[in-house]
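Asker: Here is a sequence together with a model predicted from it:
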Amino acid sequence: MNPQTDKRVSLNIKNNIAYVELLRPEKHNALDMAMFKQIVDVQKQIKRQPSVRVVIVSGQGESFCSGLDVKSVLSNPVSGLKLLFKWLPGNVNLAQKVSVGWRRLKVPVIMVLHGKCWGGGMQIALGGDFRIAAPQTSLSIMEAKWGLIPDMGGTLALRECMSADQAKRLAMTANVIEATEAQAIGLISQVAEQPQDAANLLAEQLINRSPDVVNKIKSFYSPLSYWQERRLLSQETMGQIKILMGKNQRIAVVRETKKVDKPYFD
(Lines give C-alpha, C1' and ligand atoms only; values in the text may rest on other atoms or scores of the structure.)
Protein backbone atom coordinates (compact mmCIF):
# COMPACT_ATOMS: atom_id res chain seq x y z
CA MET A 1 0.00 0.00 0.00
CA ASN A 2 1.16 3.50 -0.79
CA PRO A 3 2.55 4.99 2.48
CA GLN A 4 1.06 8.35 1.53
CA THR A 5 -2.45 6.88 1.58
CA ASP A 6 -2.16 4.64 4.66
CA LYS A 7 -4.42 5.60 7.52
CA ARG A 8 -2.26 7.36 10.07
CA VAL A 9 -4.94 8.87 12.33
CA SER A 10 -8.39 7.67 13.38
CA LEU A 11 -11.35 9.73 14.57
CA ASN A 12 -14.30 8.26 16.42
CA ILE A 13 -17.01 10.42 17.99
CA LYS A 14 -19.03 8.85 20.79
CA ASN A 15 -21.18 10.49 23.47
CA ASN A 16 -19.93 13.97 22.53
CA ILE A 17 -16.27 12.92 22.87
CA ALA A 18 -13.94 12.87 19.85
CA TYR A 19 -11.41 10.06 20.24
CA VAL A 20 -8.33 10.64 18.09
CA GLU A 21 -5.65 7.97 17.81
CA LEU A 22 -2.27 8.02 16.07
CA LEU A 23 -1.97 4.83 14.03
CA ARG A 24 1.67 4.15 13.23
CA PRO A 25 2.62 1.81 16.10
CA GLU A 26 5.38 0.01 14.19
CA LYS A 27 7.26 3.34 14.11
CA HIS A 28 6.29 4.49 17.61
CA ASN A 29 3.87 6.86 15.83
CA ALA A 30 6.77 8.86 14.37
CA LEU A 31 5.57 11.72 12.21
CA ASP A 32 5.82 11.33 8.44
CA MET A 33 4.20 13.65 5.91
CA ALA A 34 1.02 11.58 5.73
CA MET A 35 0.55 11.79 9.49
CA PHE A 36 1.12 15.56 9.53
CA LYS A 37 -1.60 16.01 6.92
CA GLN A 38 -4.04 13.59 8.51
CA ILE A 39 -3.75 15.19 11.95
CA VAL A 40 -4.67 18.53 10.40
CA ASP A 41 -7.56 16.92 8.50
CA VAL A 42 -8.91 15.43 11.74
CA GLN A 43 -8.67 18.82 13.47
CA LYS A 44 -10.78 20.30 10.66
CA GLN A 45 -13.34 17.50 10.94
CA ILE A 46 -13.72 18.06 14.68
CA LYS A 47 -14.12 21.79 14.15
CA ARG A 48 -17.10 21.07 11.89
CA GLN A 49 -18.79 18.85 14.48
CA PRO A 50 -20.85 21.00 16.89
CA SER A 51 -21.75 17.92 18.95
CA VAL A 52 -18.14 17.44 20.10
CA ARG A 53 -17.61 18.69 23.64
CA VAL A 54 -14.20 17.18 24.44
CA VAL A 55 -11.31 15.70 22.43
CA ILE A 56 -9.05 12.88 23.66
CA VAL A 57 -5.84 12.22 21.69
CA SER A 58 -3.79 9.04 22.18
CA GLY A 59 -1.27 6.88 20.34
CA GLN A 60 -1.54 3.22 19.39
CA GLY A 61 1.22 0.81 20.36
CA GLU A 62 4.22 1.32 22.64
CA SER A 63 4.46 5.13 22.43
CA PHE A 64 2.37 8.25 22.07
CA CYS A 65 4.76 9.70 19.46
CA SER A 66 8.54 9.42 19.26
CA GLY A 67 8.92 12.56 17.12
CA LEU A 68 9.74 13.24 13.50
CA ASP A 69 10.44 10.33 11.18
CA VAL A 70 13.57 12.06 9.91
CA LYS A 71 14.47 9.44 7.32
CA SER A 72 10.99 9.46 5.81
CA VAL A 73 10.47 13.21 5.79
CA LEU A 74 13.94 14.25 4.67
CA SER A 75 14.23 11.57 1.98
CA ASN A 76 12.32 14.03 -0.19
CA PRO A 77 13.80 17.57 -0.01
CA VAL A 78 10.40 19.03 -0.94
CA SER A 79 8.87 17.63 2.26
CA GLY A 80 10.93 19.91 4.49
CA LEU A 81 9.82 22.92 2.47
CA LYS A 82 6.18 21.84 2.74
CA LEU A 83 6.47 21.61 6.52
CA LEU A 84 7.95 25.10 6.91
CA PHE A 85 6.18 26.96 4.10
CA LYS A 86 3.70 29.72 4.99
CA TRP A 87 2.35 32.68 3.04
CA LEU A 88 3.07 35.13 5.85
CA PRO A 89 5.61 34.77 8.71
CA GLY A 90 2.90 34.82 11.40
CA ASN A 91 0.73 32.20 9.73
CA VAL A 92 0.73 28.58 10.89
CA ASN A 93 2.68 26.19 8.66
CA LEU A 94 2.01 22.45 8.41
CA ALA A 95 4.53 21.57 11.13
CA GLN A 96 2.93 24.04 13.55
CA LYS A 97 -0.65 23.06 12.79
CA VAL A 98 -0.33 19.65 14.46
CA SER A 99 0.20 21.46 17.78
CA VAL A 100 -1.48 24.84 17.37
CA GLY A 101 -4.55 23.28 15.74
CA TRP A 102 -5.57 21.70 19.05
CA ARG A 103 -5.19 25.04 20.85
CA ARG A 104 -7.50 26.68 18.33
CA LEU A 105 -10.36 24.25 18.88
CA LYS A 106 -12.98 25.81 21.15
CA VAL A 107 -13.41 22.61 23.15
CA PRO A 108 -10.92 21.17 25.68
CA VAL A 109 -8.35 18.68 24.38
CA ILE A 110 -6.87 15.93 26.58
CA MET A 111 -3.60 14.26 25.57
CA VAL A 112 -3.05 10.67 26.77
CA LEU A 113 0.68 9.97 26.90
CA HIS A 114 2.70 6.79 27.27
CA GLY A 115 6.02 5.37 26.14
CA LYS A 116 8.02 7.93 24.21
CA CYS A 117 6.76 11.49 23.90
CA TRP A 118 9.74 13.12 22.22
CA GLY A 119 10.39 16.05 19.90
CA GLY A 120 7.43 16.45 17.56
CA GLY A 121 5.38 14.18 19.83
CA MET A 122 5.96 16.54 22.74
CA GLN A 123 5.00 19.47 20.52
CA ILE A 124 1.69 17.77 19.67
CA ALA A 125 1.05 17.08 23.35
CA LEU A 126 1.69 20.73 24.22
CA GLY A 127 -1.21 21.64 21.96
CA GLY A 128 -3.62 20.01 24.42
CA ASP A 129 -5.25 21.65 27.41
CA PHE A 130 -4.43 18.67 29.63
CA ARG A 131 -1.65 16.08 29.44
CA ILE A 132 -2.15 12.83 31.38
CA ALA A 133 0.80 10.44 31.31
CA ALA A 134 1.52 6.88 32.39
CA PRO A 135 4.26 6.66 35.08
CA GLN A 136 6.82 5.15 32.67
CA THR A 137 6.36 7.86 30.02
CA SER A 138 9.58 9.55 28.89
CA LEU A 139 9.28 13.12 27.64
CA SER A 140 11.67 15.40 25.80
CA ILE A 141 11.79 18.63 23.86
CA MET A 142 14.44 16.95 21.73
CA GLU A 143 15.07 19.32 18.83
CA ALA A 144 18.29 20.80 20.26
CA LYS A 145 19.86 17.33 20.10
CA TRP A 146 19.85 17.71 16.31
CA GLY A 147 20.93 21.33 16.30
CA LEU A 148 17.38 22.63 15.79
CA ILE A 149 14.98 24.83 17.72
CA PRO A 150 11.45 23.68 18.63
CA ASP A 151 9.43 25.03 15.72
CA MET A 152 6.06 23.25 15.82
CA GLY A 153 4.12 25.74 17.92
CA GLY A 154 4.65 24.06 21.28
CA THR A 155 6.56 27.14 22.44
CA LEU A 156 3.20 28.90 22.87
CA ALA A 157 2.00 26.40 25.47
CA LEU A 158 5.40 25.98 27.10
CA ARG A 159 5.35 29.66 28.08
CA GLU A 160 1.99 29.13 29.77
CA CYS A 161 2.39 25.88 31.68
CA MET A 162 5.79 26.22 33.34
CA SER A 163 8.39 28.69 34.54
CA ALA A 164 10.75 30.21 32.01
CA ASP A 165 13.87 28.69 33.57
CA GLN A 166 12.46 25.15 33.41
CA ALA A 167 11.21 25.67 29.85
CA LYS A 168 14.62 26.91 28.74
CA ARG A 169 16.37 24.04 30.51
CA LEU A 170 14.29 21.42 28.70
CA ALA A 171 14.49 23.13 25.30
CA MET A 172 18.22 23.92 25.49
CA THR A 173 19.46 20.55 26.84
CA ALA A 174 17.03 18.18 25.05
CA ASN A 175 17.10 16.08 28.23
CA VAL A 176 14.71 13.14 28.53
CA ILE A 177 12.71 13.25 31.76
CA GLU A 178 10.23 10.91 33.41
CA ALA A 179 6.57 11.61 34.09
CA THR A 180 6.94 12.41 37.80
CA GLU A 181 9.48 15.16 37.11
CA ALA A 182 7.42 16.41 34.18
CA GLN A 183 4.40 16.83 36.47
CA ALA A 184 6.46 18.53 39.17
CA ILE A 185 7.64 21.26 36.77
CA GLY A 186 4.29 21.70 35.01
CA LEU A 187 5.03 20.01 31.69
CA ILE A 188 2.16 17.56 32.21
CA SER A 189 -1.04 17.78 34.21
CA GLN A 190 -1.30 14.35 35.83
CA VAL A 191 0.42 10.98 36.21
CA ALA A 192 -1.97 8.02 36.17
CA GLU A 193 -1.47 4.25 36.07
CA GLN A 194 -4.27 4.09 33.52
CA PRO A 195 -4.06 7.43 31.68
CA GLN A 196 -6.86 6.58 29.24
CA ASP A 197 -9.25 5.91 32.13
CA ALA A 198 -8.17 9.15 33.80
CA ALA A 199 -8.78 11.03 30.53
CA ASN A 200 -12.25 9.49 30.18
CA LEU A 201 -13.11 10.51 33.74
CA LEU A 202 -11.97 14.10 33.15
CA ALA A 203 -13.91 14.21 29.87
CA GLU A 204 -17.10 13.12 31.65
CA GLN A 205 -16.58 15.83 34.27
CA LEU A 206 -16.14 18.46 31.56
CA ILE A 207 -19.23 17.28 29.67
CA ASN A 208 -21.29 17.70 32.84
CA ARG A 209 -20.55 21.41 32.85
CA SER A 210 -22.05 24.03 30.56
CA PRO A 211 -20.20 23.99 27.21
CA ASP A 212 -20.47 27.79 27.12
CA VAL A 213 -18.61 28.01 30.43
CA VAL A 214 -15.98 25.38 29.59
CA ASN A 215 -15.19 26.85 26.18
CA LYS A 216 -15.04 30.41 27.50
CA ILE A 217 -12.70 29.38 30.33
CA LYS A 218 -10.39 27.75 27.78
CA SER A 219 -10.13 31.08 25.98
CA PHE A 220 -9.40 32.95 29.24
CA TYR A 221 -6.28 30.93 29.99
CA SER A 222 -4.48 31.70 26.77
CA PRO A 223 -2.53 34.82 27.83
CA LEU A 224 -1.20 35.48 24.35
CA SER A 225 -3.01 37.91 22.12
CA TYR A 226 -3.59 37.15 18.44
CA TRP A 227 -0.61 39.31 17.44
CA GLN A 228 1.66 37.91 20.15
CA GLU A 229 0.91 34.40 18.94
CA ARG A 230 1.65 35.35 15.33
CA ARG A 231 4.94 36.96 16.38
CA LEU A 232 6.08 33.84 18.22
CA LEU A 233 5.09 31.53 15.36
CA SER A 234 7.03 33.77 13.00
CA GLN A 235 10.08 33.73 15.26
CA GLU A 236 9.99 29.94 15.40
CA THR A 237 9.94 29.53 11.63
CA MET A 238 12.39 32.27 10.73
CA GLY A 239 14.76 31.15 13.48
CA GLN A 240 14.66 27.56 12.25
CA ILE A 241 15.35 28.57 8.66
CA LYS A 242 18.37 30.60 9.80
CA ILE A 243 19.65 27.66 11.85
CA LEU A 244 19.20 25.22 8.97
CA MET A 245 21.36 27.48 6.81
CA GLY A 246 24.17 27.50 9.37
CA LYS A 247 27.09 25.11 9.89
CA ASN A 248 26.34 24.26 13.51
CA GLN A 249 23.16 22.35 12.68
CA ARG A 250 25.09 19.98 10.44
CA ILE A 251 27.76 19.62 13.12
CA ALA A 252 25.07 18.68 15.66
CA VAL A 253 23.85 15.88 13.39
CA VAL A 254 27.39 14.55 12.98
CA ARG A 255 27.97 14.66 16.74
CA GLU A 256 24.79 12.68 17.41
CA THR A 257 24.91 10.16 14.58
CA LYS A 258 28.64 9.48 14.52
CA LYS A 259 29.35 10.26 18.19
CA VAL A 260 32.22 12.53 17.18
CA ASP A 261 33.15 15.40 19.48
CA LYS A 262 33.35 17.90 16.64
CA PRO A 263 33.57 21.52 17.87
CA TYR A 264 30.85 24.04 17.11
CA PHE A 265 31.46 27.43 15.46
CA ASP A 266 31.11 30.46 17.75
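Answerer: Arrived safely. Predicted, not measured: the structure shown is a model, and the values here were computed from it.

Asker: So, low pLDDT: which residues of the chain?
Answerer: 1-5, 73-81, 84, 86-89 (pLDDT under 70).

Asker: Off-centre distance for the helix ranked longest in the chain?
Answerer: In the chain, taking DSSP state H as the definition, the longest helix is helix 226-244. Computed by C-alpha atoms, centre = their mean, to the nearest Å, the chain-centroid distance of helix 226-244 equals 16 Å.

Asker: Can you pull out the residues in contact with it?
Answerer: 84, 86, 89-93, 96, 100, 147-153, 155-156, 224, 249 (C-beta atoms under 8 Å, 6 or more residues apart in numbering). (Each C-beta comes from the backbone N, C-alpha and C, glycine too.)

Asker: just the helices in the stretch 1-150 of the chain please.
Answerer: 33-47, 70-74, 77-84, 94-103, 120-126 (DSSP state H, counting those that start in this stretch).

Asker: Please identify which of the ones you listed is closest to Met245.
Answerer: Proximity to Met245 (C-beta to C-beta) singles out helix 77-84 among the helices of the stretch 1-150 of the chain, at 12.0 Å.

Asker: List the buried residues in stretch 196-212.
Answerer: Residues 196, 198-200, 202-203, 206-207, 211 are the ones in stretch 196-212 that count as buried (16 or more other C-beta atoms under 10 Å).

Asker: what sits up against that stretch?
Answerer: With contacts defined as C-beta under 8 Å, 6+ apart, stretch 196-212 is touched by 15-17, 53-54, 56, 58, 107-108, 110, 112, 130, 132, 190, 192, 214.

Asker: In contact with Ser189, which residues are there?
Answerer: Ser189 touches 130-132, 183, counting by C-beta under 8 Å, 6+ apart.

Asker: That one and Ala179: what is the separation?
Answerer: Using C-beta to C-beta, to the nearest Å, one obtains 11 Å as the distance from Ser189 to Ala179.

Asker: again, but for Ala171
Answerer: 19 Å.

Asker: who's more crowded, the two?
Answerer: Using other C-beta atoms under 10 Å as the criterion, Ala171 and Ala179 rank with Ala179 on top: 25 against 19.

Asker: Surely the more buried one and Pro135 touch.
Answerer: Yes - under the criterion of C-beta atoms under 8 Å, Ala179 makes contact with Pro135 at 5.5 Å.
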